[in-house]
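**Student:** Quick one, fold the following:
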Amino acid sequence: MTSPIRRGTRIAHIGIAVQSLDALLPFYRDVLGLSEVPLDDADGARIAGLAAGESLVELLQPEAAGSPIDKFIEKRGPGIHHVCLAVDDLDGTLEKCRAAGIALIDSVPRIGAEGKRIAFLHPKSTGGVLIELSEY
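**Tutor:** Residues are numbered from 1 along each chain as shown. All right, here's what the predicted structure looks like:
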């Protein structure tokens, strides 16, 4: 029996909170030349995905007042919302986080915009950065 392929942790995507996809999508797509990748909307946000090498840029526009992205923009303004790291073993990584005292937003993985299992770590435990963990 062969062991699973270990790829190591890598940046899967960077989530950027925006007020308008229509206003910013042309910059990323037409000026920077990033190709659009279809993604599902999630967590009260319209999401536009753009391929940047092996990683994605996710533009996150709030769909409704009070959604997580809306609250983020209200408090901090548009900008980088989170960094997503793909890990070999999401459940094992969450266990390591628990053991290290890292505050989890999602104690149990859920399905994210790319259809993969994800979980968020609280920024109070990660140097002020909202970290999303994702399976490959």
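**Student:** Need phi/psi at residue 72.
**Tutor:** Note on residue 72: backbone dihedrals following degrees, to the nearest 10 are phi -60, psi -50.
**Student:** mind listing the strands in this protein by residue range?
**Tutor:** With DSSP state E as the criterion, the chain has strands at 10-17, 35-37, 45-52, 55-62, 79-87, 110-111, 117-121, 131-135.
**Student:** who's in contact with residue 111?
**Tutor:** The contact partners of residue 111, taken as CB atoms under 8 Å, 6 or more residues apart in numbering, are 117, 118. In short, each C-beta sits where N, CA and C put it, glycine included.
**Student:** picking that back up, from the strands of the chain, pick the one with the highest average neighbour count.
**Tutor:** strand 55-62 (a mean of 22; mean count of other CB atoms under 10 Å).
**Student:** coming back round to it: indicate which one of the strands of the chain is closest to residue 28.
**Tutor:** Ranking the strands of the chain by proximity to residue 28 (CB to CB) places strand 45-52 first, at 5.1 Å.
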